[in-house]
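[1] I'd like to go over a predicted model; first the sequence, then the structure.
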Amino acid sequence: MTNGFSGNAQAMSLVAFSTVAAITLLLCVMTGPDGDDLDEFYTGYGSLSPMRNGLAIAGDYISAASVLGTGGVIALCGYDGIALALSTALSLMLLMFLLAEPLRNAGRFTMGDALTRRLPGRGVRITACVVTIAALLPLMLVQLAGTGQLLAFILGFSGDSLQTGCIIGIGALMISYAAIGGMKGTALIQIMKIVMLLGSGAVVAVLILQRFDWDPGALFNAAAAQSGAGISFLHSGLEFAGSPNPRLDMITSELTIVVGGACLPHVTMRMYTARSARQVRRSMSWAVSSVVLFVLIMTVVGFGATALIGRAVIAQADPQGNTAYLLGSRAAFGTSVSAAETFLFTAVTTAIFLTLLASVAGMILACANSLAHDVFATRVQEMSGRREMLLARVSALAVGVPAILLATQVQHRNLQPLVTLSFCIGASAIAPALVYSLFWRRYTRTGLLCTLIGGTAAVLLLMPGTNLVSGSPAAAFPDADFNWFPFTTTGLVTIPLGFALGWLGTVASGRQASEEQRRQYEAVEGWILAGAVRRNG
């Protein structure tokens, strides 16, 4: 596999990857919780400062799919990629201003805790766990499959067996992070990741701007000239040009990201680690600032990749542009690369590698926590802390192993449908459930179950018929055509449907049930909205 990277860069990258893996695993062992301390495992005692917690939130939010996928869309589609990146930042702002404090006040360990604060019941907890896994499993597959592809691309080897071996080995490491380190251990990895990612990316962005005399306009014009699309590269519509309704498709895709991105359970679980409402506000300020900086860096690096090496070269290396960030970073150094520049490029590749590790570790932890706490622990009236923590660690294995096996089977497919599937479930099922349960007095248990089950089922039903699955050469199944829902996401139908199902389920429950729920909500309204008391039940 030819990637244009020198043997020295490949050797340094391999050493750096091994070093990072060893250091991060050691950190998890050193910061891991005691054998029976649930609060330490699930929340880390809220011991992180607002800055560190905010960096951990940003680390969870910026996944490898965001770095590689968003960078690719910017490099291949220009303006549409910037709109996509801005949508991710807007999503986190929505979480900050609307849901962060009520979630922190209502929840304890998991999304099931937040939902059952006013709508108790084991059925709600089990449903919340199922939806959590359904939303995060597709993203885990993307990150794990990307691990093998990334290592193959950087280190210059080919062969399915080597890529599969990388997925299995790295997957085992990610399970260890979640099982041993708990919330505090994975938070430290997320902090390392975000610092390295933003630091190395900022240096690359500066080098690219320097190549264009610090003139962003010159950078954009050069990218448009090298894109093969001319001035269209700087206007909306290029990404969705093949869609029957490009404008509507673009709006729906961005709405799905804005509504669903920050509601995914591995992001919202970080809200429970703040000790107070003031801390969660300050943490979110740091998180939003980090994500905005990430958007600026990705814009410069993505456009720089197109301007310096051309859109055709990027598409040839990967049709989805997932290697654009690495290619742009390499091109920023020019043809003659010094030892210092080789070291910097190694820092960039290591940051991407650490992003892959940290992203999946956080997702495995969110699923394992929900499986242990919401499904198994609720079956026993007085389960000991030691036994529940053991269940959480076994649950990390139960979630991680199938994810690794599935990732080895899908590694050569276009994985964009899986990313979109996660965001659609977040926007169509989780977001309506959280908004209603935190703010609507009359919301009933039936309405909640209708939202979670109906929204998720609608996404799973419509997703196979979208543009990303079949009907085009870039689809997951390019040789098939069952494209009966001609949009990139399901959000056009499923987002309003998720809210509508919650309303219909509540209405169908009857006035008596609604009044009962209103009284129950008013009893905890002070806790949820104002944080009057932080209960641990």
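    Now that the structure is in, tell me what you want to look at.
[2] Return the helix or strand in this structure with minimum mean pLDDT.
    Lowest mean confidence among the helices and strands of the chain (mean pLDDT, DSSP states H and E): helix 38-43, at a mean of 74.
[3] what comes up buried for that helix?
    Neighbour counts using 16 or more other C-beta atoms under 10 Å place 38, 40, 41, 42, 43 of helix 38-43 among the buried residues. The way it works is simple: take the backbone N, C-alpha and C, and place the C-beta from them, glycine included.
[4] That helix: what's the following helix or strand?
    Using DSSP states H and E, the helix or strand that follows helix 38-43 towards the C-terminus is helix 50-61.
[5] wait, doesn't residue 506 sit right on residue 441?
    No - using C-beta atoms under 8 Å, residue 506 is not in contact with residue 441, being 10.4 Å away.
[6] got TSV for the buried residues of helix 38-43, with distance to residue 97 too?
    Below are these laid out as TSV (distance: C-beta to C-beta, whole Å):
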residue	distance to residue 97
38	30
40	30
41	30
42	26
43	23
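[7] Out of the residues you listed, the closest to residue 160 would be?
    Ranked by distance to residue 160 (C-beta to C-beta), those are led by residue 41 at 37.1 Å.
[8] before we move on, back to that, quick one: list the elements packing against the least confident helix or strand of the chain.
    helix 182-211, helix 385-410 (3 or more C-beta pairs under 8 Å, 6 or more residues apart in numbering; DSSP states H and E).
[9] Identify all contacting residues around that helix.
    Outside helix 38-43, the residues within contact range by C-beta atoms under 8 Å, 6 or more residues apart in numbering are 33-34, 45, 108-110, 182-184, 272-273, 369, 373, 385, 388-389, 392.
[10] In ChimeraX, select just the buried ones from those.
    To isolate the buried subset of the contacts of helix 38-43 in ChimeraX, counting by 16+ other C-beta under 10 Å, use the following:
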select :33,108,109,110,182,183,184,272,273,369,373,385,388,389,392
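[11] Quick check, pLDDT for the closest residue to residue 90 other than its chain neighbours.
    Closest residue in space to residue 90, ignoring its immediate chain neighbours: residue 258 at 5.1 Å, by C-beta to C-beta, 6 or more residues apart in numbering. If you check residue 258, the pLDDT there is 93.
[12] any idea how far residue 321 is from residue 258?
    When distance is defined by C-beta to C-beta, to the nearest Å, residue 258 is 22 Å away from residue 321.
[13] and these two? which has more neighbours close in?
    Shown here are residue 258 and residue 321; by other C-beta atoms under 10 Å, residue 321 has more neighbours (26 against 22).
[14] Could you look up the SS state of the more buried one?
    Of the three states, residue 321 takes coil under DSSP: H, G, I helix; E, B strand; the rest coil.
[15] Tell me how far it lies from residue 349.
    In terms of C-beta to C-beta, residue 321 sits 17 Å off from residue 349.
[16] hang on, the earlier thing: make CSV out of the helices and strands packed on helix 38-43 and add distance to residue 84 and mean pLDDT.
    Listed next are the helices and strands packed on helix 38-43 as CSV, based on distance: least, C-beta to C-beta, whole Å; pLDDT from 0 to 100:
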stretch, distance to residue 84, mean pLDDT
helix 182-211, 17, 89
helix 385-410, 23, 87
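[17] out of the ones you listed, which comes closest to residue 354?
    Once the helices and strands packed on helix 38-43 are compared by C-beta to C-beta, helix 182-211 is nearest, at 4.5 Å.
[18] who does the closest one touch, helix- and strand-wise?
    Using 3+ C-beta pairs under 8 Å, 6+ apart: helix 182-211 touches helix 7-31, helix 38-43, helix 50-61, helix 216-227, helix 277-309, helix 324-331, helix 339-370.
[19] Mind listing what's buried along the third one?
    Meaning helix 50-61. With burial defined by 16+ other C-beta under 10 Å, the residues of helix 50-61 counted as buried are 50, 52, 53, 54, 55, 56, 57, 58, 59, 60, 61.
[20] Just the CA coordinates for whichever strand or helix holds residue 71, please, in CSV.
    Assessed by DSSP H and E, residue 71 sits inside helix 71-77. Extracted in CSV, the C-alpha atoms of helix 71-77 (Å, rounded to 0.1, in the frame of the first residue of the first chain):
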residue,chain,number,x,y,z
GLY,A,71,-12.0,16.0,7.5
GLY,A,72,-12.8,13.9,4.5
VAL,A,73,-16.1,15.7,3.8
ILE,A,74,-14.4,19.1,4.1
ALA,A,75,-11.6,18.0,1.7
LEU,A,76,-14.0,16.5,-0.9
CYS,A,77,-17.1,18.7,-0.6
